[in-house]
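Student: Coordinates for the following, if possible.
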Amino acid sequence: MAKAPFTPDGVAAKVAELYALNQTQLNAQADLVLSNFKDWVDDNFNLTSAQGTYVNALNGTFLNELAIVTSDSLRKRHTVKLDAEDGGDGGEGSKFFRFQKCLRGTYSAGAVNEVVGELLLTITYE
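Tutor: Residues are numbered from 1 along each chain as shown. Here you go, the predicted model:
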């Protein structure tokens with residue numbers, strides 16, 4: 001698969017590319033996300049040197065949970081979006097990377113049953 005820029009449009013293009021795969025192929029990609037998020041990002045996105053440094057610094061609970069929700073969202077073909085602000089002075093502690101997973105479910109006996117999800121990745125400068 002071709003690398004995409006780590007921008008809102010690049011993430012949208014990568015998600016479209018992934019969702020064109022059959023479920024077995026998509027599950028394999030989701031497994032890679034879960035097993036090594038940082039390597040998967042590096043293999044699938046053209047990161048700037050600053051982005052690469054930032055991704056490599058991710059650790060602990062945040063990284064584990066990010067890998068879990070990203071893998072799950074891809075496996076279930078949920079919407080995945082990146083909302084990234086331009087700017088920031090690059091100063092220590094001024095950049096924030098957040099994620100939010102939302103699910104909406106509908107159930108009715110004998111009718112349509114569905115769960116729709118969205119994963120929103122946000123980069124802000126404060």
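
Student: can you pull out the strands in this structure?
Tutor: 4-5, 45-46, 79-84, 95-106, 114-125 (DSSP state E).

Student: Distance to residue 36, mean pLDDT and mean neighbour count added to these, as JSON lines?
Tutor: Backbone N, C-alpha and C define where each C-beta goes, glycine included. Output for those, formatted as JSON lines (distance: least, C-beta to C-beta, whole Å; pLDDT from 0 to 100; neighbours: other C-beta atoms under 10 Å):
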{"stretch": "strand 4-5", "distance to residue 36": "18", "mean pLDDT": "96", "mean neighbour count": "16"}
{"stretch": "strand 45-46", "distance to residue 36": "14", "mean pLDDT": "96", "mean neighbour count": "16"}
{"stretch": "strand 79-84", "distance to residue 36": "18", "mean pLDDT": "95", "mean neighbour count": "16"}
{"stretch": "strand 95-106", "distance to residue 36": "18", "mean pLDDT": "90", "mean neighbour count": "12"}
{"stretch": "strand 114-125", "distance to residue 36": "18", "mean pLDDT": "90", "mean neighbour count": "15"}
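
Student: Out of the ones you listed, the one nearest residue 29 is which?
Tutor: Shortest distance between residue 29 and these, using C-beta to C-beta, is found for strand 79-84: 12.1 Å.

Student: Next, the angle strand 114-125 makes with that closest one.
Tutor: 10 degrees (axes from the mean of the first three to the mean of the last three C-alpha atoms, to 10 degrees).
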